[in-house]
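K.L.:
From the sequence below, what's the structure:
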Amino acid sequence: MAAEWLAAGWPVPGRVRAGTTTRSGGDSQPPFDSFNLAQHVGDDPDAVKRNRAALLRNLRLPAAPQWLEQTHSNRVIYLPQDTDRRADAAVTTRAGVVLAILTADCVPVLLCDRGATCIAAVHAGWRGLVSGILENTLEVLDHAPANLVAWLGPHISAAAYEVGDDVREACLAHLPDAAAAFSPNPRGRWQCSLDKLIHRSLQRAGVQRIDSAGHCTFSEPDRFYSYRREARTGRMATLIWMDR
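P.N.:
Purely as a prediction, here's the structure:
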């Protein structure tokens, strides 16, 4: 089975290529079956290598993706100049540089200016949002937010994402208007909408156009990895690059 690619649907110039992989079409064995692209989850390193080679080949990427060492931080790097890959967002203005984010429930956020001169890829979970990963990325992009377009890849939906008081309180303390992203459930906990938290953060900063893939990673087990659903599992890759 060939690997599946979900192209981003957003109003950006044609030279910008972006989208997300799914879990189908690779060489990894259960529980990482089958197109796992992460090296840090316990999968066979050779299988991951083959999957990454297939990704490069099948998408005809201009170069190998610039993989990050994601830690739920607020650190943003500028590529290809920065060599320390411990970061949760990357920005580039250079054509042919492929930015990559690995996820299995968190939100992959892509950003591009309307003139297609700069792009960014962000790994956005609640910890990163609370610590300012989106705001830091916008600062590094150095474009008027109203001139930016955003796309949110597949991620866990509010219906599937139950959290405790600690997560809600952290978000309320650091993110204005965060209360609307939390709904109480019968178990005395909260259903959290990462989508709403991100929309409010981007809109507050001045980003006006935000599109979304509209897929829940938790509720589509045949298509997506989900850490909340399976714990020991693989990762999808969300990629963005500018053609030369």
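K.L.:
how distant is the one helix or strand Asp195 maps to from the center of its chain?
P.N.:
Asp195 belongs to helix 194-205 when assigned by DSSP states H and E. Relative to its chain's centre, helix 194-205 lies at 14 Å (Cα atoms, centre = their mean, to the nearest Å).
K.L.:
name the helices or strands packed onto it?
P.N.:
If you count contacts as 3 or more Cβ pairs under 8 Å, 6 or more residues apart in numbering; DSSP states H and E, helix 194-205 packs onto strand 107-113, helix 126-131, helix 133-141, strand 148-152, strand 209-212. Backbone N, C-alpha and C define where each C-beta goes, glycine included.
K.L.:
which of these is buried the deepest?
P.N.:
With neighbours defined as mean count of other Cβ atoms under 10 Å, the helices and strands packed on helix 194-205 peak in mean count at strand 107-113, which reaches a mean of 26.
K.L.:
For it, C-alpha coordinates in CSV please.
P.N.:
C-alpha atoms of strand 107-113 as CSV (Å, rounded to 0.1, in the frame of the first residue of the first chain):
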residue,chain,number,x,y,z
VAL,A,107,-1.5,20.1,16.8
PRO,A,108,0.9,20.7,13.8
VAL,A,109,0.5,24.3,12.9
LEU,A,110,1.8,25.6,9.6
LEU,A,111,2.2,29.3,8.8
CYS,A,112,3.0,31.1,5.6
ASP,A,113,2.9,34.7,4.4
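K.L.:
what stretches of the chain score poorly on pLDDT?
P.N.:
1 (pLDDT under 70).
K.L.:
Now the lengthiest helix in it - C-alpha only, PDB.
P.N.:
What stands out as the longest helix in the chain, according to DSSP state H, is helix 45-58. What follows is helix 45-58, C-alpha atoms only, in PDB (Å, rounded to 0.1, in the frame of the first residue of the first chain):
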ATOM      1  CA  PRO A  45      15.400   2.100  13.400                       C
ATOM      2  CA  ASP A  46      15.800   0.400  10.000                       C
ATOM      3  CA  ALA A  47      12.100   0.500   9.400                       C
ATOM      4  CA  VAL A  48      12.000   4.200  10.200                       C
ATOM      5  CA  LYS A  49      14.900   4.800   7.900                       C
ATOM      6  CA  ARG A  50      13.000   3.000   5.100                       C
ATOM      7  CA  ASN A  51       9.900   5.000   5.800                       C
ATOM      8  CA  ARG A  52      11.800   8.300   5.700                       C
ATOM      9  CA  ALA A  53      13.400   7.300   2.400                       C
ATOM     10  CA  ALA A  54      10.000   6.500   1.000                       C
ATOM     11  CA  LEU A  55       8.700   9.900   2.200                       C
ATOM     12  CA  LEU A  56      11.600  11.700   0.400                       C
ATOM     13  CA  ARG A  57      11.000   9.600  -2.700                       C
ATOM     14  CA  ASN A  58       7.200   9.600  -3.000                       C
END
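K.L.:
List the buried residues of that helix.
P.N.:
Buried positions in helix 45-58, judged by neighbour count with 16 or more other Cβ atoms under 10 Å: Ala47, Val48, Asn51, Arg52, Ala54, Leu55.
K.L.:
Touching that helix from outside, list them.
P.N.:
Residues outside helix 45-58 that contact it (Cβ atoms under 8 Å, 6 or more residues apart in numbering): 2-3, 5, 21, 25-29, 32, 35-39, 61, 64-65, 237.
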